[in-house]
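Novice: Here is a sequence with its predicted model. Questions after.
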Amino acid sequence: MTTALTILAIVISLGALAVSWLLGLRSARAAEKSEQHAKASAHAAERVARAEVDRDHEMYKPAQIGPESFVVEQNPRTNEEDLFCIFTPTRSYRISGESMNGSSPMALSMPLFNPAGVQVKVFIDVLNPIRDMSSKTELRLRFWPPADVDDRDLWTCRCERPLGSHEAPHWEMTVPVATPSQPGKTNVRWG
Ligand SMILES: [Zn+2]
């Protein structure tokens with residue numbers, strides 16, 4: 001009788017053990033599942049944040065400079081006709097660049113910091129009396145958000161591309177050089 005009771009007690013406690021093990025397993029699974037959910041929603045949030053950063057990066061991108069930006073002006077001192085690229089950034093940028101003559105680059109003379117709404121006028125080439133068409137084929141421009149030392153119009157792009165103007169460009173732009181037609185006149189704006 002005692003033995004039977006002992007066996008019964010053992011069976012019951014084994015049963016209880018099995019139940020608690022199963023419950024434990026289930027709660028472990030539930031924990032694992034909720035961890036997976038948390039991870040998935042963290043990933044989703046990360047994706048959304050990255051999409052926002054990418055969208056901002058595109059939005060902050062400088063507007064493409066077109067052929068209408070190339071202007072011929074007569075130098076009153078030398079009477080030469082010079083080709084300039086004139087554009088007005090809608091956002092403040094640090095900008096540097098070169099004009100290309102075939103494969104040989106020549107640094108463009110322009111301010112590093114260019115505030116929004118202020119016209120930038122970059123000398124490109126001497127035309128008449130030396131040549132009718134510019135010898136420059138294209139401009140290669142590099143853009144960055146302003147640096148702290150620029151001390152005005154500060155903004156930044158939160159993407160992971162470089163922010164320092166001594167580093168690789170944040171945005172790059174290639175501008176084919178256009179030589180305005182000059183029907184015997186100077187200061188003709190070509191459009
Ligand atoms: Zn960016």
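Specialist: Structure received.
Novice: where does the protein dip in pLDDT?
Specialist: For the chain, the stretches flagged by pLDDT under 70 are 1-2, 7-8, 10-12, 14-15, 18-19, 22, 182-191.
Novice: Centroid-nearest residue for it?
Specialist: The chain has His57 as the residue nearest its centroid, 4.4 Å off, counting by CA atoms, centre = their mean.
Novice: so that one, which of the three states?
Specialist: helix (DSSP: H, G, I helix; E, B strand; the rest coil).
Novice: Who are the contact partners of it?
Specialist: Contacts for His57 (CB atoms under 8 Å, 6 or more residues apart in numbering) come out as 157, 159, 161. Every residue, glycine included, has its C-beta placed from N, CA and C.
Novice: Ranking by neighbours, what's the top pick from the residues you listed?
Specialist: Using other CB atoms under 10 Å as the neighbour test, the contacts of His57 are led by Cys157, with 18 neighbours.
Novice: how much space between that residue and His37?
Specialist: Using CB to CB, to the nearest Å, Cys157 is found at 32 Å from His37.
Novice: How about Thr78?
Specialist: Computed with CB to CB, the distance linking Thr78 and His37 is 74 Å.
Novice: Strands of this protein, residue ranges please.
Specialist: 70-74, 81-87, 93-101, 104-107, 113-114, 120-126, 138-144, 171-176 (DSSP state E).
Novice: The ion is nearest to which of these?
Specialist: Among those, the nearest to the ion by CB to the ion is strand 171-176 (7.5 Å).
Novice: where does the closest one sit relative to the chain's centre, distance-wise?
Specialist: Mean C-alpha position of strand 171-176 versus that of the full chain (CA atoms, centre = their mean, to the nearest Å) differs by 13 Å.
Novice: and the angle from that strand to strand 138-144?
Specialist: 160 degrees (axes from the mean of the first three to the mean of the last three CA atoms, to 10 degrees).
Novice: packing partners for strand 171-176?
Specialist: In terms of contacts (3 or more CB pairs under 8 Å, 6 or more residues apart in numbering; DSSP states H and E), strand 171-176 is packed against strand 138-144.
Novice: Return the strand it packs on as PDB; C-alpha atoms alone will do.
Specialist: Output of strand 138-144 as PDB, limited to C-alpha atoms (Å, rounded to 0.1, in the frame of the first residue of the first chain):
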ATOM      1  CA  GLU A 138      33.100  70.100 -68.500                       C
ATOM      2  CA  LEU A 139      33.100  71.300 -64.900                       C
ATOM      3  CA  ARG A 140      33.400  68.800 -62.100                       C
ATOM      4  CA  LEU A 141      31.900  70.300 -58.900                       C
ATOM      5  CA  ARG A 142      32.000  68.900 -55.300                       C
ATOM      6  CA  PHE A 143      29.400  70.000 -52.700                       C
ATOM      7  CA  TRP A 144      29.200  69.700 -48.900                       C
END
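Novice: Only the buried residues of that strand, if you could.
Specialist: 139-144 (16 or more other CB atoms under 10 Å).
Novice: Also stretch 45-58?
Specialist: Buried-residue list, stretch 45-58, by 16+ other CB under 10 Å: His57.
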